[in-house]
Structures are given as C-alpha cells and as structure tokens.
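Student: Sequence plus predicted model, see below.
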Amino acid sequence: MSRIGKLPVKIPSGVTVTVQDHRVSVKSGNSELVRQLNPEMTVSIKEGNVIVERPSESKLHRSLHGLTRTLVWNMIEGVSKGYEKQLELVGVGYRASRQGEALVLNVGYSHQVRYPVPKGITIDVPEPTRINIKGASKEDVGQVAAEVRKIRPPEPYKGKGILYRGERIRRKAGKTGKTGTGTGAAR
C-alpha cells in the first residue's frame, strides 16, 4: 500500500468536491479546479474525505496511487488556501511594474519585456524588485514563476537576474588576470 496514497484527503468546510467519470471538480468560493485523473484509479468521497484506491499491487498502480492522491490534495489546498511564489529581481536598474494585464520587466535588455498575466493567476508587485505570483492551481503558479524567471535567469558570476525568494546562487570566480608584465608578445 502506498504510504501517501492510502491517506484520506479531508475536505474542509466551504469546499465542494465532485467525482464524475474520473473527472474531479473542486470548488470553493470563486475558484474552481477540474482535472481528469487516470481511469485505472478509483476516487470516491466517503464521510467528508476523498479516498483513492488502486486495482492491483503492480508498480504502475502503486505510483499512480500516490500521484492521484497528491493531485487531489493539491486541488483542495489550492481552492481553500491558494498557492504563492515570490520572485526577486537582483541587478542595478532591474525593476518590475504592473501595467494593465501585463507584467513589465526592465532587466538589462535594450527594451522592456512584457509578460501577459494568464487567466486564474494574480501577479502583484509590492516593490519594484519583488514579484508575488498567486493562484489556485499549484502547477500554473509554478509554471508562471518559471516563465518569468526564464526572462533573465540568475547568472553565477555577478548574481544578477530573477530568482526565487530565498534562493542562493552559487557564485563562480571570474577570470583571473595573468600575472607578470607585458601583454605576452615576444621581445
């Protein structure tokens, strides 16, 4: 039995979970997530809990068991509490701002980079060097954070770029100058 898969997922108050033809829908307030799950897994609702069961002890079914339970748990957590990723901009003149439905970044290019905010995601810029990405879907929040970070990934020599809050960049030593005199030309 999968240690993660066998744990029931408690449904908090105010959250509605419906299962229909291997399609799980989780709804709370104004956010709703829908996901098609593997048809080999059995998902049921019993006594305020979501139970995931597998048909056999094969390796595939054991791995799908834990995965399916975690996906359902992430959906319930997302609609009840939400997920958030925080990014920091490090570099001279690096700044972010919100203009309409787009995130505008000045990150050392000759032009501003506009990133359109996807549906279901909220991007806040509390300071010019901080970006907060929020949403109900853990996958979407992580994907948007990765796409924004990809605009100017952190580099190891000066440590400049867009990085996750609290992330440490391993620094590399730059080139060292050749010791001695001259340019290396023959005498």
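Tutor: The structure has been received and is ready for your questions.
Student: domain assignment for this structure?
Tutor: Using automatic domain parsing, the domain parsing of the chain gives 9-80, 83-164.
Student: okay if I get those domains as CSV plus mean neighbour count and mean pLDDT?
Tutor: All C-beta atoms are positioned from the backbone trio N, CA, C, and that covers glycine. As requested, the domains of the chain are exported to CSV (neighbours: other Cβ atoms under 10 Å; pLDDT from 0 to 100):
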stretch, mean neighbour count, mean pLDDT
domain 9-80, 16, 92
domain 83-164, 16, 95
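Student: which ones are touching residue 171?
Tutor: 156-157, 159 (Cβ atoms under 8 Å, 6 or more residues apart in numbering).
Student: and the gap between residue 158 and residue 141?
Tutor: Taking Cβ to Cβ, to the nearest Å as the measure, residue 158 falls 28 Å from residue 141.
Student: need the contacts of residue 171 in JSON lines with distance to residue 83, can you?
Tutor: What follows is the contacts of residue 171, written out as JSON lines (distance: Cβ to Cβ, whole Å):
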{"residue": "156", "distance to residue 83": "28"}
{"residue": "157", "distance to residue 83": "32"}
{"residue": "159", "distance to residue 83": "27"}
